[in-house]
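S.K.: generate coordinates for the sequence data below:
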Amino acid sequence: MKAVATQHGKVSLAEVERPALPAGHVRIQTVYSAISPGTEMTFIRRASEKQIVIGYSAAGIVTELGEGVSRLHLGQRVACYGAPYVRHAEELGVPANLVAPVPDEVSLEEAAFAGLGAIAIHALRTADLRFGESVVVVGLGILGQIIAQISSAAAYQVLGYDLNPERADSLKKRIIHTYDTQEELEKAVDTLTGGHGADAVLLCAGGPGEELINASLDWIMDKGKVVMVGDLTMNFSRGKMFRKEAQVLISRAGGPGRYDTGYELDNKDYPIGFVRWTEGRNTAEFIRLLAEKRIDIKPLISRIVPVQAAEEAYHAYGSASSVMGTVFKYGDC
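M.R.: Numbering: from 1, shown residues only. Below is the predicted model:
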């Protein structure tokens, strides 16, 4: 079968083996898969001699059930998340824990972003915000946009910030307090929080982080939080952190269960009374938000392209800052 792979810093459509179907897994015919530009462009830049299949967020149709799978059925529309099981590939073999049913009112194009949705939700859970508290979302690419929308749906006071005016304008259609200059943001933080500072700042940007993290420590309230969501280098002022007894946290992927072979490969779920929100339950929660129209991903989809055009799709992220969300389509969909 065909899959999108990277090698020597280049992207190609490669022929790979059909995935196996262990107990607890389901086979999915991919209809759409979504690019996660931050993660995947990093993989491409760092690609070595070994060919690596990329991607981790997709939606499709269940075509086969592994032994012991009972809560899913053949022909069901589903979203799924988590490499190496979910990839930009024609077929996927995915643990049932990482699969969420998609109701008819949700398009599979939107559902293909379920992996990014789970990451966004877990980032907000890491911030541990409460109703009415304030959050600054920095970096308004596709992930930052999703985080800001979910924050608004949860009734947090949301402020968005990106130096790219196009990205800021995109979010401003939904979140009025969105800015493309640091001066405007800082004035708004001061006004909207009564001078106390925001409860949390979520950093969805990548690259050198010292200046941005230090600025974030100025924007938060006493004992506030800075949560790293993007791939930032973590150099910052101990003095600024000490002065506010701030928490500097990092959000790891889509939630509990990620990188645990027992949860993923062996499909052993955590008891809900002990682990309320796993990566699988976060994935399903993203689909619920779509179904109830609390968030809207369609305006963030810049392009839907055939998977055969993968190389050109990634190239667009390097040369066109206006590209937000990209979805690969498979077959005749």
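S.K.: report pLDDT for the residue nearest to the spatial centre of the chain.
M.R.: Nearest to the mean C-alpha position of the chain, by C-alpha atoms, centre = their mean, lies Leu116 at 2.1 Å. Per-residue pLDDT puts Leu116 at 98.
S.K.: just checking, it touches Ile35?
M.R.: No: in this structure, Leu116 is not within contact of Ile35 by C-beta atoms under 8 Å, at 9.4 Å. For glycine as for every other residue, the C-beta is placed from the backbone atoms N, C-alpha and C.
S.K.: quick check, pLDDT for Ser322.
M.R.: With respect to pLDDT, Ser322 scores 80.
S.K.: give me the distance between it and Glu183.
M.R.: Computed as C-beta to C-beta, to the nearest Å, the Ser322 to Glu183 distance reads 24 Å.
S.K.: do Ser302 as well
M.R.: From Ser302 over to Glu183 the distance is 29 Å, taken as C-beta to C-beta.
S.K.: cool, and Asn214?
M.R.: From Asn214 to Glu183 the distance is 16 Å (C-beta to C-beta).
S.K.: of these two, give the one with the bigger neighbour count.
M.R.: The residue with more neighbours, out of Asn214 and Glu183, is Asn214; 16 against 8, by other C-beta atoms under 10 Å.
S.K.: how about Ala96: what's its closest non-neighbour residue?
M.R.: Spatially, and ignoring its direct neighbours in sequence, Ala96 is nearest to Val69 (5.0 Å; C-beta to C-beta, 6 or more residues apart in numbering).
S.K.: ok, that neighbour to Val226 distance?
M.R.: In this view, Val69 and Val226 are 41 Å apart by C-beta to C-beta.
S.K.: residue contacts, the residue nearest to the centre of the chain?
M.R.: By C-beta atoms under 8 Å, 6 or more residues apart in numbering, the contact list for Leu116 reads 34, 36, 57, 142-143, 146.
S.K.: and what of Ser70?
M.R.: Contacts of Ser70 (C-beta under 8 Å, 6+ apart): none.
S.K.: look at it and tell me its secondary structure.
M.R.: Classification of Ser70 by DSSP: H, G, I helix; E, B strand; the rest coil places it in coil.
S.K.: same question for Arg125.
M.R.: helix.
S.K.: give me the element the closest residue in space to it that isn't next to it in sequence is part of.
M.R.: Distances taken as C-beta to C-beta, 6+ apart put Trp277 closest to Arg125, at 6.1 Å, once the chain neighbours are dropped. Per DSSP states H and E: Trp277 is located in neither a helix nor a strand.
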